[in-house]
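Peer 1: starting from these lines, generate the structure:
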Amino acid sequence: MANHSTDNLFRLIKTLNSHEKRYFKLFAARHISEDKNMSVQIFDAIDEQNEYDETAIKDKFKEQAFLKTFSTTKSRLIDLILRSLDAFHSESSIDVQLRQEVHYAELLFKKSLYEDCNKKVISAKKIAYHYERYMILIQLFIWEKNLLTVSSLTGKTEIDLNNILEEEKRILNLIENESEYWNIKSRFFLLLNQSGTLRDKKDMDKFNKIIDHPLLKDEKNALSYRSKYFYFHIFGAYYFAIGDYNNSYKFLKKHAAHIEKFPQIMEQEPHNYITVLMNIINSCHLLKKHDEIYHYLKKIRTVPKNLSASTKEFLEVKIFADTYNIELALDIENGEFGKGVALIPEIEQELEKFQDKMNKFQETILYYNLSVICFGEGEYSMALKWLNNILNDKTLEVTQELYCFSRILNLIIHLELGNDEMLPYIMKSTHRYLEQRKKLYKFENIFLDFIKKIFWNGDKKDSLKYFKEFKTELEILSQDHFEKRAFDYFDFISWAESKITDRPFAKIVQEKFKN
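Peer 2: Got it, this is the predicted structure:
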């Protein structure tokens, strides 16, 4: 029986992008001398697996001696991968470069090449100041003082020594300031994760106790880039948690503007910037600032242009999936389905480029949104094509809620297409699927009962009556806290109304949005 246990080597390999994998093989070829490079063969065998199966790996290499000490072989391979990653990212990561510079200074010092060591320390300090890497600066101060010691303080005055001491104190103060803001931020988000949204005065008092911290009284108390980053992060999340979306929006915009003032740091930490922009988009949606959403989507899409190849690929995939899903969701909400359909050619082009690199969650949402977009435009066959990408994927978790609503949308599309021969089979399989999930809520029961009535009664007058009953039941159900979730996936009420009034679904959604 195959061993399907999770393995840390497997997890590490699966995080690598195509550039990192290619570099690993070149690195391995240079640094190890095994016959036909066995490490690369093990690497490839594990990389080909969708889930870790150690038994299959051992069967594949059953004649090889390394299987006797396979755990040691895996540990060495992990070490080799990490060394290759270190080398690959050495030029793109300022932290790696600075650690190397400190190590070079140490080597030069031990070789008694003090002048060269001093040049290295001065050069590294400039970089560390530029990127606000204060912990590295403390290490560089140590080597600076070591150099002063071996030179017997030649040419230095008491003023010079005081300046060195004061600068070290200043940097230590900045480190302490960052640490305090980090602690406030972490305590705030720990409470937020435990409490969720604020539901009563007791919850509010807990949050306000943190927000009333003296360091949060004024932005000026935050002395560094990171301290200010934490300051804006805290208030953006705080106002969102208490439902004050206007103030949350204001602080999120300040947060983004702060990051943009430090392009050298933003380039090193693009994920942080993208997360803030995504949060702004969420606030814009809640505040109905829809025009601004497109402005921020454009900003997000330009982020990878200035990044190195090593960090660009993963971000490009994330940005492609997330931004198009936002844009399609907005078109669905607005009822501007034609606008969404017009995006399909460029989405298809990007899908061809990124499909194997997207995670299943991103991919499934994209397919679903494309299906709804096509449905709204009356392109039912095209809607079915996109939806089948979800329904035919056997790897999807059966507990996934989106898959459940894909089955429901599938019924509606077949009803619109007039596929009477297929509907009984689809109804039975959908009902069986929902029962197996033990997720047959009020909405699912109402919907399935309605579909049966519509299908088994071909009289147009009766169909109109069933649609009116269905719409009334849905309007009542939409007020139920536990059933509201269903209406996030598809506007069932507008669809029913379109049938009752014999008007286009898109037109009704547009009117609802404007109102």
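Peer 1: now residue 133, nearest residue through space, not along the chain?
Peer 2: Spatially, and ignoring its direct neighbours in sequence, residue 133 is nearest to residue 98 (5.8 Å; C-beta to C-beta, 6 or more residues apart in numbering). Heads up, the C-betas are built off the backbone N, CA and C, glycines and all.
Peer 1: what helix or strand is that neighbour on?
Peer 2: Following DSSP states H and E, one finds residue 98 within helix 94-110.
Peer 1: tell me the contacts of the residue nearest to residue 133?
Peer 2: Listed by C-beta atoms under 8 Å, 6 or more residues apart in numbering, the contact partners of residue 98 are 124, 127, 128, 131, 133, 136.
Peer 1: was I right to think the third one contacts residue 144?
Peer 2: Just to be clear, that refers to residue 128. No. Between residue 128 and residue 144 there is no contact under C-beta atoms under 8 Å: 11.8 Å.
Peer 1: those two - which one has more neighbours?
Peer 2: For residue 128 versus residue 144, neighbours defined as other C-beta atoms under 10 Å are more numerous around residue 128 (23 against 20).
Peer 1: relative to residue 228, how far out is the more buried one?
Peer 2: With distances taken as C-beta to C-beta, to the nearest Å, residue 128 is found 19 Å from residue 228.
Peer 1: before we move on, what about residue 184?
Peer 2: According to C-beta to C-beta, residue 184 stands 13 Å off from residue 228.
Peer 1: the two: which has the busier surroundings?
Peer 2: Ranked by neighbour count (other C-beta under 10 Å), residue 184 and residue 228 place residue 228 first, with 22 against 19.
Peer 1: and that one, what element?
Peer 2: helix 225-241.
Peer 1: which positions within that helix qualify as buried?
Peer 2: Under the neighbour-count criterion of 16 or more other C-beta atoms under 10 Å, helix 225-241 has 225-241 buried.
Peer 1: in contact with the residue nearest the centre of the chain, which residues?
Peer 2: Closest to where the C-alpha atoms of the chain average out (C-alpha atoms, centre = their mean) is residue 318, at 6.5 Å. If you count contacts by C-beta under 8 Å, 6+ apart, residue 318 has them with 274, 362.
Peer 1: need the next SSE after the strand or helix carrying it, C-terminal direction.
Peer 2: For residue 318, the element it lies in under DSSP H and E is helix 309-334. Using DSSP H and E, the helix or strand that follows helix 309-334 in sequence is helix 337-342.
Peer 1: which other helices and strands does whichever helix or strand comes after that next one contact?
Peer 2: On the C-terminal side of helix 337-342, the closest following helix or strand by DSSP H and E is helix 344-354. Packing partners of helix 344-354 (3 or more C-beta pairs under 8 Å, 6 or more residues apart in numbering; DSSP states H and E): helix 309-334, helix 360-376.
Peer 1: return the most buried member of these.
Peer 2: Each of these was assessed for mean neighbour count using mean count of other C-beta atoms under 10 Å. The highest is helix 360-376, with a mean of 22.
Peer 1: next, the angle helix 344-354 makes with it.
Peer 2: Calculated by axes from the mean of the first three to the mean of the last three C-alpha atoms, to 10 degrees, helix 360-376 forms an angle of 160 degrees with helix 344-354.
Peer 1: measure residue 481 to residue 448 for me?
Peer 2: Taking C-beta to C-beta, one finds residue 481 at 22 Å from residue 448.
Peer 1: more crowded one of the two?
Peer 2: Just comparing residue 481 and residue 448: by other C-beta under 10 Å the higher neighbour count belongs to residue 448, 17 against 6.
Peer 1: tell me which element that one is part of?
Peer 2: Using DSSP H and E, residue 448 maps to helix 442-456.
Peer 1: what mean pLDDT does the helix or strand following that helix get?
Peer 2: Counting by DSSP H and E, the next helix or strand C-terminal to helix 442-456 is helix 460-477. Averaging pLDDT along helix 460-477 gives 87.
Peer 1: one more: stretch 168-181?
Peer 2: pLDDT averaged over stretch 168-181 gives 96.
Peer 1: what comes up buried for it?
Peer 2: Buried-residue list, stretch 168-181, by 16+ other C-beta under 10 Å: 168, 171, 174, 175, 177, 178, 180, 181.
Peer 1: which ones among those residues lie within strands?
Peer 2: Among those, none falls in strands (DSSP state E).
Peer 1: any chance of these in TSV, with distance to residue 391 too?
Peer 2: Shown next, in TSV, are these (distance: C-beta to C-beta, whole Å):
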residue	distance to residue 391
168	64
171	58
174	55
175	54
177	54
178	50
180	52
181	48
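Peer 1: ok, of these, which one's closest to residue 408?
Peer 2: Each of those was scored against residue 408 by C-beta to C-beta, and residue 181 proved nearest at 46.8 Å.
Peer 1: thinking that closest one is in contact with residue 235, fair?
Peer 2: No. Counting by C-beta under 8 Å, residue 181 does not reach residue 235; the two are 11.8 Å apart.
Peer 1: secondary structure element holding residue 77?
Peer 2: Judged by DSSP H and E, residue 77 forms part of helix 70-88.
Peer 1: off-centre distance for that helix?
Peer 2: 27 Å (C-alpha atoms, centre = their mean, to the nearest Å).
Peer 1: check contacts around residue 139.
Peer 2: Here residue 139 is in contact with residue 102 (criterion: C-beta under 8 Å, 6+ apart).
Peer 1: so what's the residue count around the closest residue to residue 462 other than its chain neighbours?
Peer 2: Of all residues not flanking residue 462 in the chain, residue 453 sits nearest, at 7.9 Å (C-beta to C-beta, 6+ apart). Per other C-beta under 10 Å, the neighbour tally for residue 453 reads 16.
Peer 1: next SSE downstream of the helix or strand harbouring residue 166?
Peer 2: Using DSSP H and E, residue 166 falls within helix 158-195. Following helix 158-195 in sequence order, the next helix or strand is helix 201-211 (DSSP H and E).
Peer 1: in that following helix, what's buried?
Peer 2: 203, 206, 207, 210, 211.
Peer 1: rounded mean pLDDT for it, please.
Peer 2: Here the average pLDDT along helix 201-211 is 83.
Peer 1: can you list contacts of that helix?
Peer 2: 184, 187, 188, 191, 192, 195, 198, 234, 235, 238, 241, 242.
Peer 1: try it again at 10 Å.
Peer 2: 184-185, 187-192, 194-198, 216-217, 234-235, 238-239, 241-242 (C-beta atoms under 10 Å, 6 or more residues apart in numbering).
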